[in-house]
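> below are the sequence and a predicted model for it; my questions follow.
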Amino acid sequence: MSTSQETLNSEATQHKILIPVLICLVLAILTVITFWSLKDSGFINLDDPVYVYDNAYVKSGLNWNSIRQAFSFELSNWHPVTCLSWMLDYKIFGLNPSGYHMVNLLFHVINTILLFLILHRMTKTLWPSAFVAALFAIHPLHVESVAWIAERKDVLSTFFWLLTMGAYSYYVEHPGFRRYFFVLLFFVLGLMSKPMLVTLPFALLLLDYWPLQRFQEIKPDHNIQTEVFEKETSEVKKPVDPEYKWSMIYSLLWEKVPLFVLAILSSIVTYIAQKDVGAVHSEDFPLSVRIGNALISYITYLGKMIWPNNLAVFYPNTGLLLPWQVLGSIFLLIAITVAVVWMVKRSPYLATGWLWYLGTLMPVIGIVHFGARVMADRYTYIPLIGLFIMVAWGVPDLLKKCNYRKEILLASSVLSILCFSIITWTQVGYWENSITLFDHTLKVTENNWLAYNNRGNEYNRSGNYRQAIEDYSRAIEIKPGYADAYYNRGNAYQVLGNNRQAIEDYSRMIEIKPGREEVYFNRGLAYHVLGNYRQAIEDYSRAIEIKPEDLEAYYNRGFVYLTQGDNISGCHDAQKACELGNCKLLEMAKGKGDCR
């Protein structure tokens, strides 16, 4: 009899292990199939050049010099771990974008599986955890984070976010410094991948409330999850003494002080890094406009989670707000929050999910304005987990009295996953290259000056200069003060031999954004071709003033000096160019007897 019971127990244990393993396998296959077309996608000319294929340090591979550069602030964000991952990619794949895309996809698959396993461990519930992971895996709003090579930051930082959560769940079961050390370690690595992880300590507090139930009285050496999930939901629990409860909350806050300190330090470092390169644009819009945009963005992200249409790589910020949009957003946010508070005792997961969504979006919601975008799909990579939790646990609760509850849940789950997978598969296809991506972006957005400019860059790169000029002109028409479009159009005009128009565009660029060496150099080159040597020398000199090691500027200025008979100045520049690596002008001048 005992043998038979042992056999049954063994089979039950195997079944209990087998189901999660099969779920992990299904999640991995579903994710890979949905994103598989990424293998044929290339780089795009939005951040990819700066971070990867035009980055000399990345292309030098892993060495002490490149590692040192990875820890610098030159790329506006401080994310050394992400930079190191690109350097490793280059060492393995060179400049084959398929490899970079597959690494991004691999991290996304791992994140999906980790999310399922961690939620399952914390909540002791299988299918809601699996549904959250499935939505995370295939939601269309997550395409940008996975398909964009420059957004390795998202998938890599979330990998460390989830490892931190996993380590924290182990720490909660048996608190101790050794386990807490791994919480700190993974959190630091996450911050070094993307600073958006500054909200993670706040998220851990939410997990303390639900599902870990650490705000309630804790008995020594007692597994909280076992207490919570093995008891019948109808069982009446003894009330917790308010003073004891507040002491528990205080101890939970104190426990996370090291994490909050690290988050504050990371925020300061990020702000300084972005400020140094001019990426902070809060002064461009009044605080009232930024707050209004933030409120609207919260509701917009929520709407796109439910109905993910018109997704774009760039949503331009017009600075114009309609009062009804702001008031409507305030009303909806307040209404949802009130509903969550009203149901907090009966459905605590709603509070965790909703506050997770609001809190983790806070660093990128636009109060402190970085860049020119009003919002971005990639910002939802972590925040949507909160909304998915609300859905995964809320819908079954809503249908608990329904006669066909299981059938309805199964059908609706399968249908939603299928629909999102199809939309995501289609959205991934737009990331095939820069032209397909910006074509789609221009179809689903209005007055998108950046999309016109970057599509123009791609046309320019492929030699279609006239089409590039049309796109640059459209970008300037939408945003007359867009300096980069003037510079890019000037380059296209210069290639076509229209140097006078190129000079006009370069001059306009200098008026808007002075101090860029390459603009002065290119305008000097245009003056040089037109025979205006005095102005060419002035522009070459200004380029050298900005960038003292500008080899080409020394070479060209020296050439002009020599052709104008100023052998002393010409030979000096020829000698300097030779010191910097090009001795052709010096040898030519010596051959003519101009330089000794």
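All right, it came through fine.

> all the helices of the stretch 251-400 of the chain, in order from the start?
Remark: helices assigned in the stretch 251-400 of the chain by DSSP state H, counting those that start in this stretch are 257-276, 287-306, 323-342, 348-361, 384-398.

> present those as JSON lines; the columns should include mean pLDDT.
Formatted as JSON lines, the helices of the stretch 251-400 of the chain follow (pLDDT from 0 to 100):
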{"stretch": "helix 257-276", "mean pLDDT": "85"}
{"stretch": "helix 287-306", "mean pLDDT": "92"}
{"stretch": "helix 323-342", "mean pLDDT": "95"}
{"stretch": "helix 348-361", "mean pLDDT": "97"}
{"stretch": "helix 384-398", "mean pLDDT": "97"}
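
> of those, which is nearest Ser251?
When these are compared by C-beta to C-beta, helix 257-276 sits nearest Ser251, at 10.9 Å. Every residue, glycine included, has its C-beta placed from N, CA and C.

> which outside residues touch the closest one?
73, 76-78, 183-184, 187-188, 191, 195, 197-201, 204, 280, 363, 368, 370 (C-beta atoms under 8 Å, 6 or more residues apart in numbering).

> same deal with stretch 520-537?
487, 490-491, 494, 499-500, 502-503, 506-507, 510, 538-540, 542-543, 546, 550, 552-553, 556-557, 560-561, 563-564.

> filter those residues down to the buried ones.
Among the contacts of stretch 520-537, the ones that count as buried by 16 or more other C-beta atoms under 10 Å are 487, 490-491, 494, 499, 502-503, 506, 510, 538-540, 542-543, 546, 550, 552-553, 556-557, 560-561.

> picking up where we left off before, now, the contacts of stretch 520-537 that are in strands?
Per DSSP state E, strands hold no members of the contacts of stretch 520-537.

> per-domain residue ranges of this protein.
Following automatic domain parsing, one gets these domains for the chain: 20-229+239-432, 434-591.

> hey, least reliable of those by pLDDT?
Ranked by mean pLDDT, those end with domain 20-229+239-432 at the bottom, a mean of 90.

> start and end of that domain, how far apart?
34 Å (C-alpha to C-alpha, to the nearest Å).

> can you give me the buried ones in the helix or strand containing Arg466?
Using DSSP states H and E, Arg466 sits in helix 465-478. By 16+ other C-beta under 10 Å, the buried positions in helix 465-478 come out as Tyr465, Gln467, Ala468, Ile469, Glu470, Asp471, Tyr472, Arg474, Ala475, Ile476, Ile478.

> which one of those residues is nearest Phe177?
Among the buried residues of helix 465-478, and counting by C-beta to C-beta, the member closest to Phe177 is Ala475, at 55.7 Å.

> now do the host helix or strand of Tyr452: distance to the chain's middle.
Assigned by DSSP H and E, Tyr452 belongs to helix 449-461. Averaged C-alpha coordinates place helix 449-461 at 21 Å from its chain's average position (C-alpha atoms, centre = their mean, to the nearest Å).

> next, the angle helix 465-478 makes with that helix.
160 degrees (axes from the mean of the first three to the mean of the last three C-alpha atoms, to 10 degrees).

> number the chain from 29, please
In the new numbering, first residue 29, that becomes helix 477-489.

> need the residues that contact helix 477-489.
With C-beta under 8 Å, 6+ apart as the contact definition, helix 477-489 has outside contacts at 73-74, 340-342, 344, 400, 461-463, 466-467, 469-470, 473, 493, 495-500, 502-504, 506-507, 510, 512-513, 516-517, 519-520.

> now do the helices in the stretch 479-624 of the chain.
Counting by DSSP H, counting those that start in this stretch, the stretch 479-624 of the chain has helices at residues 493-506, 511-523, 527-540, 545-558, 561-574, 579-591, 595-608, 612-619.

> and the fourth one, what's buried?
Residues of helix 545-558 classed as buried under the neighbour-count rule (16+ other C-beta under 10 Å) are Glu545, Glu546, Val547, Tyr548, Phe549, Asn550, Arg551, Gly552, Leu553, Ala554, Tyr555, His556.

> just the CA coordinates for it, please, in CSV.
Output of helix 545-558 as CSV, limited to C-alpha atoms (Å, rounded to 0.1, in the frame of the first residue of the first chain):
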residue,chain,number,x,y,z
GLU,A,545,33.5,70.8,-37.2
GLU,A,546,32.3,68.7,-40.1
VAL,A,547,29.9,71.5,-41.2
TYR,A,548,32.7,74.1,-41.5
PHE,A,549,34.9,71.6,-43.2
ASN,A,550,32.2,70.7,-45.8
ARG,A,551,31.3,74.4,-46.4
GLY,A,552,35.0,75.1,-46.8
LEU,A,553,35.2,72.3,-49.4
ALA,A,554,32.3,73.8,-51.3
TYR,A,555,34.0,77.3,-51.3
HIS,A,556,37.2,75.6,-52.4
VAL,A,557,35.5,74.0,-55.4
LEU,A,558,33.9,77.4,-56.3
